[in-house]
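Novice: requesting a structural model of the entry that follows:
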Amino acid sequence: MPGALSRRLCRRLPVRQVLCLVPPLLVAVVAVRHRSVLAQGFGHLAEARWPWLLAAAGVTCLTWVAAACTRQGAVVERLPRRRLLAAQFAAGAANHLLPTGLGASAVNLRFMTVCGVPLARSSAALALYLLAESVGRVALLGALLLAFPGALRLGALLPEGFLGPLLLAGAAAPVVAAGVLAPAPRVRAAVASFLRTALGEARSVHARPARALALWGGALAFPALQAAGLALVGRALELPVPAAHLAVAYLAATVAVALVPAPGGIGSVEAALVMALVAAGGPVALSTAVVLAYRIITVWLPLPPGALTLAALVRLKVI
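Specialist: All right, here's what the predicted structure looks like:
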């Protein structure tokens, strides 16, 4: 009897309509929590040169196109272009409201399954996207560090002997993961099945040159556009650091905070970016102003319309 009553209540409760209200409410909560940062950021925007800020806003819009290309390149099926682009805009908002990566991953996983891609293959495509995006970001950072070896001066900012333990921890992580999985046969079987599906999906995607080009071209374009946005904001506020050094600083900071479980990197990204800009030669006060203005353009201004787009996609059953 209680079970039947609960089922009837679930049928009457407009669950999808309630879910539509969640993203705007979360935006309001996050904005209230970070109201001082918002006030400082908008204050710095008022002091900046607007042509460069408009260029930064335009580059930010192109990041969603690059993300859509990479998502399409990770799956064999043709996804509806307009809905895919809208989903990336909504995923950006979800990514700033949930721990890093989870929001965008959940939105895109749901989007692919609604488009008819089986869940196992959707998960494999999601893993392929994350791998390509990580490889593209690290490869771009490595190329820029080779071209501009003096772009970052981290010696004065990091404690002595910091790099060794960091590399040791990175090397130990796979060993620890293997040790955890070894005693669990069912987990091992599930992981092996997922890896087989993921490898099969990767082979299928790379057998199509158009998909492979979209995957890796988008994976390189996405961080490059983000770094270009920071360089344009730096130019708008007359930060005395070369554009290439700003790009190196941005990529180094985002790679460093990739494993920090903060919603959208809010807080952790700002701190890492300020430290990276100072390491690139920028004054502390001006570097802070550039970071706050950049995050206003790339995070806070798109957040309300992105949340509304997310709500609309939920209501229209696109996700």
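Novice: ranges for the helices of the chain?
Specialist: Remark: helices assigned in the chain by DSSP state H are 2-12, 15-33, 35-47, 50-73, 81-97, 102-114, 119-147, 163-181, 185-206, 209-236, 243-256, 268-279, 284-295, 303-315.
Novice: for the stretch 51-200 of the chain, which spans come out with low pLDDT?
Specialist: 99-101, 154-185, 187-188 (pLDDT under 70).
Novice: rerun that using 50 as the cut-off
Specialist: 156-157, 159-160, 162-163 (pLDDT under 50).
Novice: need the contact list for Phe222.
Specialist: By Cβ atoms under 8 Å, 6 or more residues apart in numbering, the contact list for Phe222 reads 63, 66-67, 70, 133, 136-137. From N, CA and C alone the C-beta is placed, and that goes for glycine too.
Novice: and those residues as CSV, adding distance to Leu195 and neighbour count?
Specialist: Formatted as CSV, those follow (distance: Cβ to Cβ, whole Å; neighbours: other Cβ atoms under 10 Å):
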residue, distance to Leu195, neighbour count
Thr63, 30, 22
Ala66, 27, 23
Ala67, 25, 26
Thr70, 21, 25
Glu133, 19, 23
Gly136, 21, 22
Arg137, 23, 22
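Novice: residues touching the closest residue to Val248 other than its chain neighbours, list them.
Specialist: Nearest non-adjacent residue to Val248, counting by Cβ to Cβ, 6 or more residues apart in numbering: Ala151, 3.9 Å away. Taking Cβ under 8 Å, 6+ apart, we find Ala151 in contact with 144-145, 244-245, 248-249, 280.
Novice: now Ala293: how far from Leu97?
Specialist: The spacing between Ala293 and Leu97, counted by Cβ to Cβ, to the nearest Å, is 22 Å.
Novice: who has more neighbours, those two?
Specialist: Set Ala293 next to Leu97 and count neighbours by other Cβ atoms under 10 Å: Ala293 wins out with 26 against 22.
Novice: check contacts around the residue lying closest to the more buried one once chain neighbours are set aside.
Specialist: Spatial nearest neighbour of Ala293, excluding adjacent residues (Cβ to Cβ, 6+ apart): His44 at 4.4 Å. Residues near His44 by Cβ under 8 Å, 6+ apart: 237, 289-290, 292-293, 296.
Novice: ok, now with 10 Å
Specialist: Going by Cβ atoms under 10 Å, 6 or more residues apart in numbering, His44 touches 233, 236-237, 286, 288-294, 296.
Novice: for Leu199, the count of nearby residues, please.
Specialist: The local packing of Leu199 (other Cβ under 10 Å) involves 12 other residues.
Novice: surely it meets Ser193?
Specialist: No: with contact defined as Cβ atoms under 10 Å, Leu199 does not reach Ser193; the gap is 11.0 Å.
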